[in-house]
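sequence first, predicted coordinates after that:
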Amino acid sequence: MSIRIVRLGSERAAGEGLRIGTVRRPPRGVPKAEFASQNWYDVWYPNLAPSAETMKLGQDAETPAQWNAFTRAYKREMAEPDASRSLDLLAALSHQSALAVGCYCEHEARCHRSLLRGLLAERGAAIEG
């Protein structure tokens, strides 16, 4: 069992398990009943998404310094008690269940999911890929 870090909307991998959308908003123009069948997510969990203000920092980041500012802000948000407990839970579940967490961004390296990968790894999550 493990947790995968995925791009929402991408084809599911064999044995991927429950797909969790760590995004601020649901996909536009997609009926809620079709989120899972269209490979967006099975469960929406915006608790691990960047706040709107922090997300804007990441979207506008053009320099390493700006990306670092986004990284610091997101990690600060994930250090808050509720988010931190959620990360602990996912890390623990990754040893018992197949899970996937993700976001819509095309490139993981410029997405909060790259930071989620690191935060989960710090908590001892079993991460695939």
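Nice, I can see it. Since we're looking at a predicted model, the values are computed, not measured.

can you give me the helices in the protein?
Along the chain, counting by DSSP state H, helices occupy 52-60, 64-78, 81-93, 112-122.

burial-wise, tell me which of those comes out on top.
The highest average neighbour count among the helices of the chain, using mean count of other C-beta atoms under 10 Å, belongs to helix 112-122 at a mean of 19. In short, each C-beta sits where N, CA and C put it, glycine included.

and that one, what other elements does it pack with?
Helices and strands in packing contact with helix 112-122 are listed as strand 3-7, helix 64-78, helix 81-93, strand 99-103, strand 127-128; criterion 3 or more C-beta pairs under 8 Å, 6 or more residues apart in numbering; DSSP states H and E.

out of the helices of the chain, which gets nearest to R4?
helix 112-122 (9.8 Å; C-beta to C-beta).

ok now that closest one, how far from the chain's centre?
The chain centroid and the centroid of helix 112-122 are separated by 8 Å, computed with C-alpha atoms, centre = their mean, to the nearest Å.

for that helix, give the mean pLDDT please.
Mean pLDDT, helix 112-122: 96.

returning to that earlier point: in TSV: the helices of the chain, plus distance to V101.
Supplementary listing: the helices of the chain in TSV, determined by distance: least, C-beta to C-beta, whole Å:
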stretch	distance to V101
helix 52-60	16
helix 64-78	12
helix 81-93	7
helix 112-122	6
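
may I see the helices and strands packed on helix 112-122 arranged in JSON lines, with distance to Q38 and mean pLDDT as well?
Formatted as JSON lines, the helices and strands packed on helix 112-122 follow (distance: least, C-beta to C-beta, whole Å; pLDDT from 0 to 100):
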{"stretch": "strand 3-7", "distance to Q38": "13", "mean pLDDT": "96"}
{"stretch": "helix 64-78", "distance to Q38": "27", "mean pLDDT": "97"}
{"stretch": "helix 81-93", "distance to Q38": "23", "mean pLDDT": "97"}
{"stretch": "strand 99-103", "distance to Q38": "13", "mean pLDDT": "96"}
{"stretch": "strand 127-128", "distance to Q38": "22", "mean pLDDT": "94"}
